[in-house]
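J.: sequence unavailable; structure follows:
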């Protein structure tokens, strides 16, 4: 049985031994996809909301105020894909500003960029690290709100919310802010909390 969500990527890339996930995998049902919108889906085995929840767990380990503010905004917008996309676009502008990216390239990536987004490119930049963490946070919440696309379902692979969680996790691991066992335990708590008749 494949590992779910971000753990699929972490196992594939050799960052997590599959054996560590045995208790988690034993609690998961077989994969079943459900239609969420006209062109999007969700997984009953690993609902995308769990990716957003794991992103929250990881991001809470960072102590920069910009990251804390972004988490509060992501939580306030949870489930609102369009609102989260606007926050992600602004965060991407901050990341591009920190990277020294030309505004024309940003406009190519985000043709619906607003004047506020473009203004960020000329403001004093955040550190690249903080901008990347915030961008990945919004990416996780946005993708979880938007749903899986047919390509993910057809291939049986996790969506972009999982990729964003992996990026956050790797940064936290590098900095010693979280241990793999803590992430796995958080995932287990999410699964147990979703089970029928679980204690809340």
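T.: On my side now, so go ahead. Every value quoted in this text rests on a predicted model; they were computed, and no experiment measured them. Numbers count the residues shown, from 1 in each chain.
J.: switch to C-alpha atoms for all contacts and neighbour counts from now on
T.: Will do.
J.: can you give me the helices in this protein?
T.: Taking DSSP state H as the test, the helices found in the chain are 5-12, 22-27, 49-59, 65-76, 81-99, 103-109, 115-120, 128-146, 150-155, 160-174, 180-194.
J.: residue nearest the centroid of this structure?
T.: residue 140 (2.3 Å; C-alpha atoms, centre = their mean).
J.: mind listing what the nearest residue to it once chain neighbours are set aside touches?
T.: Distances taken as C-alpha to C-alpha, 6 or more residues apart in numbering put residue 161 closest to residue 140, at 4.0 Å, once the chain neighbours are dropped. By C-alpha atoms under 8 Å, 6 or more residues apart in numbering, residue 161 lies in contact with 48, 51-52, 139-144.
J.: for residue 98, state which of these is nearest.
T.: Residue 98 lies nearest to residue 139 out of these, by C-alpha to C-alpha, at 17.7 Å.
J.: separation between the closest one and residue 89?
T.: Counting by C-alpha to C-alpha, to the nearest Å, the gap from residue 139 to residue 89 is 9 Å.
J.: again, but for residue 29
T.: 35 Å.
J.: those two - which one has more neighbours?
T.: residue 89 (22 against 10; other C-alpha atoms under 10 Å).
J.: pLDDT weak spots in this structure?
T.: The chain contains residues with pLDDT under 70 at 1, 195-200.
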